[in-house]
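**Student:** Sequence first, then the predicted structure:
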Amino acid sequence: LSLFDFQNYTRATSVQHAISLLEQDEKAVAISGGSDVLIRIREGKLSGCSLVSIHGLAELQGVSREPDGTVVIGPCTTFADMAAHPIVRESFPTLGYACDQAGCPQLRHVGTIGGNLCNGATSADSAPALLTLNAMLILQGPHGQRSVHVKDFYAGPGKVHLARSELLVQIRVARVDYQGYSGHAIKYAVRAAMDIATLSCAVHVKMDGQRIADARVAFGVAAPTPIRCPGAEKAVEGEIPTEGLLSRFGEMAAADTNPRSSWRASKEFRLQLIRELSSRALRTAIENGGGVIV
Ligand SMILES: Cc1cc2nc3c(=O)[nH]c(=O)nc-3n(C[C@H](O)[C@H](O)[C@H](O)COP(=O)(O)OP(=O)(O)OC[C@H]3O[C@@H](n4cnc5c(N)ncnc54)[C@H](O)[C@@H]3O)c2cc1C
């Protein structure tokens with residue numbers, strides 16, 4: 001028995017090639033950085049699969065900006081390249097910062113943002129920031145492309161709405177979803193490095209003078225999938241940020257979520273983290289945009 005039980009490994013030469021390889025062989029699995037796939041193979045969960053590597057495809061890598069300001073992220077961009085990219089740093093540094101929280105330096109040079117979404121983990125470090133940016137995902141299959149909001153991509157724990165022969169080919173953030181917004185992300189993990197989040201939170205906020213024009217908050221590990229909290233968002237819209245408002249935001253977020261107990265943390269501790277991290281993230285997001293808490 002080999003340590004990695006797979007039948008074939010093919011390097012796709014284009015997105016189209018990768019899709020046709022996935023379509024032809026029902027045991028074929030796409031591999032990007034491989035930091036999840038290889039672990040699943042070693043655990044015997046994908047035994048006998050064929051690997052279709054999309055790793056080297058230039059068309060799936062890097063970050064660019066279109067003339068209308070939409071930022072296009074290639075799904076094979078690594079966490080490290082996300083964190084360092086000038087367009088990410090300028091347009092939505094909170095997403096780069098969130099990517100910089102994953103694993104350790106080695107992992108950040110291997111793991112990709114597309115793999116982070118497609119594995120469907122509620123703990124995915126990039127997911128809360130992408131949710132608060134209203135990221136749109138472009139999926140391509142044998143019959144063409146479709147687009148889906150990141151919040152509608154998740155189907156359940158470890159499950160996403162991706163057909164077997166479909167690939168995530170772009171992550172898009174429109175200018176209206178980042179211009180004028182400031183943000184902050186917090187990952188709470190038991191250890192500072194190489195640990196999956198016990199709970200994570202991202203906030204993006206847009207101010208109109210002293211008032212909050214729009215606030216968006218999302219969590220990882222607060223539910224079976226990463227989620228936004230519309231109740232908390234509505235509760236602060238149009239308000240002047242005060243200490244009381246920050247606590248109310250945390251309370252509303254806790255009321256909006258239903259975390260579970262796991263070996264990492266109890267439900268009660270997670271609820272406390274939801275209250276605390278959301279109100280801290282909102283505070284820092286406002287301050288990062290030059291706003292003040294009165
Ligand atoms: C030691 C270690 C530590 C880790 N720490 C963290 C952490 O702190 N935070 C965190 O969020 N994650 C962590 N992870 C999980 C993992 O590294 C990340 O989720 C990473 O982003 C996965 O990316 P990848 O390119 O390696 O995915 P892969 O293993 O290549 O793929 C993952 C899944 O996505 C599918 N896939 C990949 N790209 C595409 C695409 N473009 N289209 C369609 N399907 C695709 C694959 O078929 C597979 O099902 C850790 C993993 C390890 C091994």
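**Tutor:** Yep, it's here.
**Student:** all helices in the chain, in order from the N-terminus.
**Tutor:** Ranges of helices within the chain are 15-24, 37-42, 79-84, 86-91, 93-99, 105-108, 113-118, 127-132, 150-153, 230-236, 243-256, 267-288, based on DSSP state H.
**Student:** so Leu3 touches Gly44, yeah?
**Tutor:** No - counting by Cβ atoms under 8 Å, Leu3 does not reach Gly44; the two are 10.5 Å apart. Backbone N, C-alpha and C define where each C-beta goes, glycine included.
**Student:** the more surrounded of those two?
**Tutor:** Gly44 (10 against 7; other Cβ atoms under 10 Å).
**Student:** May I have the residues that are in contact with the closest residue to that one other than its chain neighbours?
**Tutor:** Leaving aside its sequence neighbours, Gly44 sits nearest to Asp5 (Cβ to Cβ, 6 or more residues apart in numbering; 6.9 Å). Residues near Asp5 by Cβ atoms under 8 Å, 6 or more residues apart in numbering: 41, 44, 47-48.
**Student:** Quick one: name the residues of this structure near the ligand.
**Tutor:** Counting by Cβ under 6 Å from any ligand atom, the positions of the chain adjacent to the ligand are 29-37, 39, 54, 75, 102-103, 107, 110-112, 114-116, 118-119, 123-125, 162, 167-168, 194, 196.
**Student:** Quick check: the residue of this structure nearest the ligand.
**Tutor:** Using Cβ to the nearest ligand atom, the closest approach of the chain to the ligand is made by Gly115 at 2.2 Å.
**Student:** Am I right that that residue is in contact with Arg40?
**Tutor:** No - the pair Gly115 / Arg40 is not scored as a contact, 11.6 Å apart, by Cβ under 8 Å.
**Student:** more neighbours, these two?
**Tutor:** Using other Cβ under 10 Å, the more surrounded residue of Gly115 and Arg40 is Gly115, with 25 against 15.
**Student:** check contacts around that one.
**Tutor:** 32-33, 35-37, 75.
**Student:** Now mean pLDDT too, for the helices of the chain, in a markdown table please.
**Tutor:** Putting these into a markdown table (pLDDT from 0 to 100) gives the following:
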| stretch | mean pLDDT |
| --- | --- |
| helix 15-24 | 98 |
| helix 37-42 | 93 |
| helix 79-84 | 98 |
| helix 86-91 | 98 |
| helix 93-99 | 98 |
| helix 105-108 | 94 |
| helix 113-118 | 98 |
| helix 127-132 | 98 |
| helix 150-153 | 98 |
| helix 230-236 | 97 |
| helix 243-256 | 96 |
| helix 267-288 | 97 |
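**Student:** for the residue nearest to Ile87 when sequence neighbours are not counted, which residues make a bridge with it?
**Tutor:** Nearest non-adjacent residue to Ile87, counting by Cβ to Cβ, 6+ apart: Val63, 4.8 Å away. Residues in a beta bridge with Val63, per DSSP bridges, are Ile73.
**Student:** Could you verify my assumption that Val63 touches Ile73?
**Tutor:** Yes - at 5.2 Å, Val63 counts as touching Ile73 under the criterion of Cβ under 8 Å.
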